[in-house]
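S.K.: got a structure for you, letters missing:
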């Protein structure tokens, strides 16, 4: 439906008779751009993406190798047991030990823990006259879980990485949802501001119409064509219209402040310049509920977050089931030893691989009740089932929301057509009543009553136009195409 000429041009915003500063021109694209750059909610939510990426980096750190160094010194003073044969106490034994160790190790995604080790121990005491005795070792030590903690599903570090990856993706979708909601709010606020100014212009127009009718009645009263009651009725209606202008002016200021809040402004006054907005054209929305429902499942951030939530719960369930197994770990080492009073000579023995040293074994730990593991596994399974049920519930809600939003668009379109027809008919009726009044066959009451009806029809028409635009914005929000429709691209930070 084509809007009247007054609605097709820019609405220059100025409060009636307030003498305010010049209005600030603002297009919808400019408003969206300012909101994306300055909106407080978007800025706050952007931190969540950075935090999620930092947490993922920390999770990867579980597999970072580490370089370790140990240096310690000890003294052990002990007394020997008394001799049974002669009953005297032998001299005490003092042992001094210096230990040096350098290692490089870490863990792998399937649970293997490795360490490349080089160490040297110098042990001396009264038993050898405190002569140096360097015992060195160089080799590798490993621990490989065989049941609990074995494999890609049972590794705690890999679970942390997978969960952090899912959380990072969730944070991206949450941020996208925040931007979609903000853009939608900007469109609605922009439309509300245009509606408020159109309503202000309407109340001013009908206030001026009532004032002209009062002037005409005063002239006709002077010549005795009408009664004093007609003048009083016109004067009362003019005063009432003045109140309407004041209320409409305040509504403009309130709508302007709501838009400024979305654009990131922090100060609001009642005497500054207003935004000059342009009425949005009637939306051109093609509704296809079947295809749009599929798009909603693909594009809606909340649905994608639900799917990622199921992925996280599955990771946790697999890990929890693995933790039900007993701990059976293979442990072993392989390397070379050296022993000499000279550290360099002892180290050369290791380098030359003179004395091989290895060990291998199995460590087994079996909980008596498995209560902790069984409880965690049961909770993980129930959480996964709960996430799946929540996603199914969300699918139903999305289907209902898409259908309701599509119906709202059709209803809004019919409302625009109906209210526009009512507006035109009431314009014709008002002109007919004015003609009758000027011809002496009508009454002031009929003209004032018809002015009220036309004012109401205008308000309903402009409200229907605003609702039509907002229904289109809500439909785009429901199916997740808001950013695409307004050409907004989110960068991957």
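M.R.: Great, that's in hand. Predicted, not measured: the structure shown is a model, and the values here were computed from it.

S.K.: which stretches of the stretch 151-300 of the chain aren't confidently modelled?
M.R.: For the stretch 151-300 of the chain, no stretch is flagged by pLDDT under 70.

S.K.: quick one: the helices in it?
M.R.: Along the stretch 151-300 of the chain, the segments classed as helices by DSSP state H, counting those that start in this stretch run 156-222, 228-262, 289-299.

S.K.: which one of those helices lies closest to residue 361?
M.R.: helix 156-222 (23.2 Å; CB to CB). Placement of C-beta: from N, CA and C, glycine included.

S.K.: Show me the domain layout of this structure.
M.R.: Domain assignment for the chain, taken from automatic domain parsing, gives 5-57+160-312+382-485, 65-151+326-369.

S.K.: Turn those into JSON lines, columns for distance to residue 319 and mean neighbour count.
M.R.: Listed next are the domains of the chain as JSON lines, based on distance: least, CB to CB, whole Å; neighbours: other CB atoms under 10 Å:
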{"stretch": "domain 5-57+160-312+382-485", "distance to residue 319": "9", "mean neighbour count": "18"}
{"stretch": "domain 65-151+326-369", "distance to residue 319": "10", "mean neighbour count": "14"}
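
S.K.: so which of these gets nearest residue 320?
M.R.: Across the domains of the chain, closest to residue 320 is domain 5-57+160-312+382-485 (CB to CB), at 9.5 Å.

S.K.: So for the residue most central in space within the chain, what's the nearest residue that isn't a sequence neighbour?
M.R.: Closest residue to the average C-alpha location of the chain: residue 174 at 2.9 Å, with CA atoms, centre = their mean. Excluding the flanking residues, the one nearest residue 174 by CB to CB, 6 or more residues apart in numbering is residue 48, at 6.2 Å.

S.K.: so the one you found sits right up against residue 175, yeah?
M.R.: Yes. Contact status for residue 48 versus residue 175: in contact at 6.6 Å, counting by CB atoms under 8 Å.

S.K.: show me where pLDDT drops low in the stretch 1-150 of the chain?
M.R.: 1-22, 79-92.

S.K.: hmm, try it at 90
M.R.: For the stretch 1-150 of the chain, the stretches with pLDDT under 90 are 1-25, 75-96, 123-131, 133.

S.K.: Now do the helices in it.
M.R.: Using DSSP H, counting those that start in this stretch, helices in the stretch 1-150 of the chain cover 5-8, 28-38, 40-60.

S.K.: could I get those as TSV with distance to residue 481?
M.R.: Shown next, in TSV, are the helices of the stretch 1-150 of the chain (distance: least, CB to CB, whole Å):
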stretch	distance to residue 481
helix 5-8	27
helix 28-38	15
helix 40-60	19
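
S.K.: returning to that earlier point: out of the helices of the stretch 151-300 of the chain, nearest to residue 118?
M.R.: Closest to residue 118 of the helices of the stretch 151-300 of the chain is helix 156-222 (CB to CB; 25.5 Å).

S.K.: From the chain's centre, how far out is stretch 335-348? Work that out for me.
M.R.: Here the centre of stretch 335-348 is set off from its chain's centre by 61 Å, with CA atoms, centre = their mean, to the nearest Å.

S.K.: Now do residue 29 against residue 35, distance only.
M.R.: Residue 29 sits 11 Å away from residue 35, going by CB to CB, to the nearest Å.

S.K.: swap in residue 396?
M.R.: For residue 396, the distance to residue 35 - CB to CB - is 32 Å.

S.K.: so where is the stretch 301-450 of the chain shaky, pLDDT-wise?
M.R.: Flagging of the stretch 301-450 of the chain using pLDDT under 90 yields the residue ranges 341, 367-373, 427, 430, 433-450.

S.K.: Could you rerun that using 80?
M.R.: Applying pLDDT under 80 to the stretch 301-450 of the chain flags the ranges 440.

S.K.: tell me the contacts of the spatially closest residue to residue 311 that is not a sequence neighbour?
M.R.: Nearest non-adjacent residue to residue 311, counting by CB to CB, 6+ apart: residue 166, 5.4 Å away. Neighbour list for residue 166: 308-309, 311-312, 315 [criterion: CB atoms under 8 Å, 6 or more residues apart in numbering].
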